[in-house]
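> next comes the sequence, and after it the predicted model I'd like to discuss.
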Amino acid sequence: MKITDVLTVPGLTGFFFDDQRAIKAGAESDGFTYKGQAVTPGFKAIRQRGESLGIMLELEDGWWVHGDCAAVQYSGAGGRDPLFQASEYGAIVTPMLREFFTGREVSGFRQTMADFYAWCQQAGFPKHQALYYGISQAVLAAVAAQRRETMAETIAAEWGLNPDYRPVPIFCQTGDTRYDNADKMILKGVDVIPHGLINNVRDKLGAKGEKLMEYIGWLRQRVATIGAPDYKPVLHIDVYGNLGLAFTNNMEAVAEYMVRTAEAAYPLQLRIEGPVDMEGRDLQIEALAELRHRVEALGSNVEIVADEWCNTLEDIKAFADHRAGHMLQIKTPDLGGVENLVEAVGYCKAAGIGSYLGSTCNETEQSARVCVNIALATAPDQMLAKPGMGVDEGLMLVYNEMYRTLAVINSRR
């Protein structure tokens, strides 16, 4: 089936772009925004609205499919691509996409994307992973529509996978409403909670980690108090490198603190995401590998999740090869094309390291649906409920897409 037209449409994401460096440096909250000046290049304010760029492909039968270009909340930090603004890229890429796609036969996903990337190098197409993310979603949707199958089935066929097609554990994030939103997760029986957004030492972690320790104790007690009798979620908390800041990157002190947090969480499993941020990939790999060795030597089951500086498929492979953590976040917009996401989950599995098909609150409903299909085909250890920070909306969207897709697939089996 051929593509007959291409449209691009500016849109909104489920959250905001935030200047992580300004926030970690202590920017003062002002209601839902922040006071002070942005410090990361491209930002005009510390918090500004999230934007997407919809890529719409018309098929020759008149049917439209689409994908959404989106970037992470903390763009421009941790080695990631700069801020993505739809108005900046839309005018540039629309005529180029029409040149490549109009009249093109789309019979296979992997071949079409390989042809597109080869053309990009010759045509001087802008190099931003958010663009590749949205374009690959649209191509995947086009191939699935032509074959009259779910996107999960298309991925399985293209990579020769034989998935069990089972639900993937879902991870929710609280945003700054870390108590009320944790209650929502517990009442709804979410598999992995609460993220917590511990992105500041003074207000959220505590100078010696005391505020986070108190929060973990509260979570353990709250699960026991209002959760179902057999409910035992995994606790997964993102600290954005702030343990390194609080303990001046003393890995022995960071490891000992993490062991104590796991004890405070017992009998629940605890994961700590981004305990340190060493401001460079090789240093980050070295630090997380050392932390993993230290906590295991201390006999703790606390798990380390890599995020910052683990951005591209090549990064994922490097972190996995060096066992830099127990689980790697596959941050979907940062890896770009759908094909890289599939390959990343597979590489983690082969390397014996946990895989978290994550991303950001700053995506769209369409990119979230595509990620559900990727997860069902590849079976990572968990995936993120997205977009947004309200819990209910992102959880509903991902959960319902997951179970609808499973129902369709199982009806054919």
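Sure thing, it's come through.
> would you mind measuring from the residue nearest the centre of the chain to residue 281?
The chain has residue 359 as the residue nearest its centroid, 1.2 Å off, counting by Cα atoms, centre = their mean. To residue 281, residue 359 is 19 Å away according to Cβ to Cβ, to the nearest Å. (Each C-beta comes from the backbone N, C-alpha and C, glycine too.)
> cool, residue 223 as well?
For residue 223 relative to residue 281 (Cβ to Cβ), the value is 36 Å.
> what do you get for residue 256?
From residue 256 to residue 281 the distance is 26 Å (Cβ to Cβ).
> quick one, which of the two is more surrounded?
residue 281 (20 against 15; other Cβ atoms under 10 Å).
> can I get the biggest strand by length in the chain in CSV? Just the C-alpha atoms.
Secondary structure of the chain read by DSSP state E shows that its longest strand is strand 3-18. Presented in CSV, the C-alpha positions along strand 3-18 are these (Å, rounded to 0.1, in the frame of the first residue of the first chain):
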residue,chain,number,x,y,z
ILE,A,3,1.4,6.7,1.1
THR,A,4,-0.4,9.4,-0.8
ASP,A,5,0.1,12.4,1.5
VAL,A,6,1.9,13.7,4.6
LEU,A,7,0.8,16.2,7.1
THR,A,8,2.5,17.5,10.3
VAL,A,9,0.4,18.9,13.1
PRO,A,10,1.7,20.8,16.2
GLY,A,11,0.3,19.4,19.4
LEU,A,12,0.6,19.4,23.2
THR,A,13,2.2,16.7,25.3
GLY,A,14,0.9,15.4,28.7
PHE,A,15,3.2,17.6,30.8
PHE,A,16,5.9,20.2,30.6
PHE,A,17,9.6,20.7,29.7
ASP,A,18,11.6,21.4,32.8
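> which other helices and strands contact that strand?
Strand 3-18 makes packing contacts with strand 47-59, helix 86-101 when contacts are defined by 3 or more Cβ pairs under 8 Å, 6 or more residues apart in numbering; DSSP states H and E.
> now the helix or strand that it is followed by, how far from the centre of its chain.
Sequence order places helix 20-24 as the next helix or strand after strand 3-18, per DSSP states H and E. In terms of Cα atoms, centre = their mean, to the nearest Å, the centre of helix 20-24 is found 19 Å from the chain centre.
> ok, the helix or strand that helix 20-24 is followed by: who's next to it in the sheet?
Counting by DSSP H and E, the next helix or strand C-terminal to helix 20-24 is strand 29-30. Within its sheet, and counting by DSSP bridges, strand 29-30 is paired with strand 33-34 (antiparallel).
> what residues does the strand it pairs with touch?
By Cβ atoms under 8 Å, 6 or more residues apart in numbering, the residues outside strand 33-34 that reach it are 22, 23, 27, 28, 45, 46, 47.
> can I get the lowest-mean-pLDDT helix or strand in the chain as PDB, trimmed to CA atoms?
Using mean pLDDT, DSSP states H and E, helix 20-24 stands out as the lowest-scoring helix or strand of the chain, at a mean of 88. Provided in PDB are the C-alpha atoms of helix 20-24 (Å, rounded to 0.1, in the frame of the first residue of the first chain):
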ATOM      1  CA  GLN A  20      16.600  20.100  35.300                       C
ATOM      2  CA  ARG A  21      19.900  21.900  36.000                       C
ATOM      3  CA  ALA A  22      18.100  24.900  37.300                       C
ATOM      4  CA  ILE A  23      15.900  22.800  39.600                       C
ATOM      5  CA  LYS A  24      18.800  20.700  41.000                       C
END
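> in this structure, which helix has the most residues?
The single longest helix within the chain, with elements called by DSSP state H, is helix 392-412.
> tell me which other helices or strands it touches.
helix 151-159, strand 170-171, helix 180-188, helix 365-378, strand 382-384.
> can you list the buried residues in the third one?
Think helix 180-188. Using 16 or more other Cβ atoms under 10 Å as the test for burial, helix 180-188 gives 181, 182, 183, 184, 185, 186.
> what helices or strands is it leaning on?
For helix 180-188, the packing partners by 3+ Cβ pairs under 8 Å, 6+ apart come out as strand 192-195, helix 210-226, helix 392-412.
> and the angle from the last one to helix 180-188?
Taking axes from the mean of the first three to the mean of the last three Cα atoms, to 10 degrees, helix 392-412 and helix 180-188 form an angle of 30 degrees between their directions.
> check the offset of helix 392-412 from the chain's centre.
The answer for helix 392-412 is 18 Å, by Cα atoms, centre = their mean.
> could you give the angle of the longest helix of the chain to helix 365-378?
Computed by the same axes, to 10 degrees, the angle separating helix 392-412 from helix 365-378 equals 50 degrees.
> tell me which residues in helix 392-412 are buried?
Of all the residues in helix 392-412, those buried under the rule 16+ other Cβ under 10 Å are 394, 395, 397, 398, 399, 401, 402, 405, 406, 409.
> and the residues you listed as a markdown table, adding pLDDT and distance to residue 267?
What follows is the buried residues of helix 392-412, written out as a markdown table (pLDDT from 0 to 100; distance: Cβ to Cβ, whole Å):
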| residue | pLDDT | distance to residue 267 |
| --- | --- | --- |
| 394 | 97 | 27 |
| 395 | 98 | 24 |
| 397 | 98 | 31 |
| 398 | 98 | 27 |
| 399 | 98 | 26 |
| 401 | 98 | 32 |
| 402 | 98 | 27 |
| 405 | 98 | 33 |
| 406 | 98 | 30 |
| 409 | 97 | 35 |
